[in-house]
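>>> Below: sequence and its predicted model.
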Amino acid sequence: MSAKATSLSRHLVEEGKWVDAQLSELPVLLRDMGYTAKILAREIRRAALVGKLGLVGEKNPSGDAQKKLDVYSNEVVVDAFTDSGLVAAIVSEEMEELRTISCNDAAEYLLCVDPLDGSSNTDVNGAVGTIFSFYRRGVAGACTDCEAELREGARLVAAGYVLYGPSTVLVCSMGRGVNGYTLDHDVGEFMLSQENIRCPVSGAYYSANLGRYHDWDPNVRAYADYVIERDAASGRPYSLRYSGALVADVHRSLLEGGIYLYPADEGRTGGKLRLLYECLPLAFVVEAAAGRASSGRERILDLRPASLHQTSPLAIGGVDDVQLFERFVATGSP
Ligand code: AHG
Ligand code: MN
Ligand code: MN
């Protein structure tokens, strides 16, 4: 590493100069998320050694079996932002209701979080992640109508994710550009590793759970058939990459173009992925990097969740790839 390496904290101070004065706490919130990610990275790395693999025996609000690491990750996030004093309430995949944290005037933000994304991968040492977003509240003081504030898209002011893979990477945006930071375990800091990420308009990969192919809409199946046809001029066939962790697959699409898909299917007519803490934060990041995120019919960032754990179909990645998918959804052809 060169002597000019820039830490997350240092870089956030620089980036913070570009945000509105009323959003001046955003760099502090992202720094706190970096701290949270360091705790989680440590615990995920040693989970097999300290009895943190396996199931808890409960279900989360989406009906998924909770892993010990899901519950632990949620506690770490809630504790970290309880201490910050800047967050009024938290919506988490692992909590049925919105959790009120602080109703004082300084707590001007709401946090939506998937504390551990891809938790089916924990027991096999696969990639996992954390997905987060911050909303700026409309009013200070008591959280009387926080859920309504989460339906005002313009209040979504920062978002990002952490990927715990071979290295731990934090990718985030305060709306102006997207940057990636890699955790240097020796220094104990996230260091700037990908500045001003731009999502290529198209790529060579698609990510989807093809095990659900026969439950998809015929137009979605037509798209999946199309991308594996042979046509050198349009770069087909695409190669399949699917990790079981949205964060890992979207990270590939963000850096290399291509598309991640989780369509609606017969068993899940509203899709599987949750709007508030999966689809919307990733859409915010990918669009800030000039990519695109869609339900197939509508831009994800235009969707307004009617409930905290509402799901949506998701197609996300390079602009051309996602627009092609939208044409298939509408017409069944390119
Ligand atoms: P989570 O572990 O937070 O519940 O999220 C799992 C999500 C996502 O990360 C992944 O892409 C998808 O569910 C995998 O679902 P399938 O097993 O149906 O492919
Ligand atoms: Mn998830
Ligand atoms: Mn999760």
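Cool, got the structure. Ligands and ions are numbered 1, 2, ... in the order given.

>>> Gly126 touches Tyr242, doesn't it?
No. The pair Gly126 / Tyr242 is not scored as a contact, 11.2 Å apart, by C-beta atoms under 8 Å. Glycine gets a C-beta too; all of them are placed from N, C-alpha and C.

>>> ok, and the closest non-adjacent residue to Ala37?
Among residues not flanking Ala37 along the chain, Val162 sits closest, at 4.3 Å (C-beta to C-beta, 6 or more residues apart in numbering).

>>> what is that neighbour paired to in the beta sheet?
Beta bridges link Val162 to Thr130, Leu170, judged by DSSP bridges.

>>> That one: what's it in contact with?
Neighbouring residues of Val162 by C-beta atoms under 8 Å, 6 or more residues apart in numbering: Met33, Ala37, Leu40, Ala41, Gly129, Thr130, Thr168, Val169, Leu170, Val171, Val247.

>>> and what of Gln22?
Arg136.

>>> Check the gap between the closest residue to Gly188 other than its chain neighbours and Val76 for me.
Leaving aside its chain neighbours, Gly188 sits nearest to Lys38 (7.2 Å; criterion: C-beta to C-beta, 6+ apart). Between Lys38 and Val76 the computed distance is 10 Å (C-beta to C-beta, to the nearest Å).

>>> Run through the stretch 51-200 of the chain and note the low-pLDDT ranges.
With pLDDT under 70 as the threshold, the stretch 51-200 of the chain has no low-confidence stretch at all.

>>> for ligand 3, what are the nearby residues on it?
For the stretch 51-200 of the chain, the residues in contact with ligand 3 (C-beta under 5 Å from the ion) are Glu93, Asp114, Leu116, Asp117.

>>> Can you show me the CA trace of the helix or strand containing Ala41 as PDB?
Assessed by DSSP states H and E, Ala41 sits inside helix 26-45. The C-alpha coordinates for helix 26-45 follow below in PDB (Å, rounded to 0.1, in the frame of the first residue of the first chain):
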ATOM      1  CA  LEU A  26     -23.900  11.800   7.300                       C
ATOM      2  CA  PRO A  27     -20.100  11.300   7.400                       C
ATOM      3  CA  VAL A  28     -20.400  10.500  11.200                       C
ATOM      4  CA  LEU A  29     -23.100   8.000  10.500                       C
ATOM      5  CA  LEU A  30     -21.100   6.300   7.800                       C
ATOM      6  CA  ARG A  31     -18.000   6.300  10.000                       C
ATOM      7  CA  ASP A  32     -20.200   4.500  12.700                       C
ATOM      8  CA  MET A  33     -21.300   2.000  10.100                       C
ATOM      9  CA  GLY A  34     -17.600   1.400   9.300                       C
ATOM     10  CA  TYR A  35     -17.000   0.700  13.000                       C
ATOM     11  CA  THR A  36     -20.000  -1.600  13.100                       C
ATOM     12  CA  ALA A  37     -18.700  -3.500  10.000                       C
ATOM     13  CA  LYS A  38     -15.300  -4.000  11.700                       C
ATOM     14  CA  ILE A  39     -17.000  -5.700  14.700                       C
ATOM     15  CA  LEU A  40     -19.100  -7.800  12.400                       C
ATOM     16  CA  ALA A  41     -16.100  -8.800  10.200                       C
ATOM     17  CA  ARG A  42     -14.300  -9.900  13.300                       C
ATOM     18  CA  GLU A  43     -17.200 -12.000  14.500                       C
ATOM     19  CA  ILE A  44     -18.000 -13.500  11.100                       C
ATOM     20  CA  ARG A  45     -14.400 -14.600  10.700                       C
END
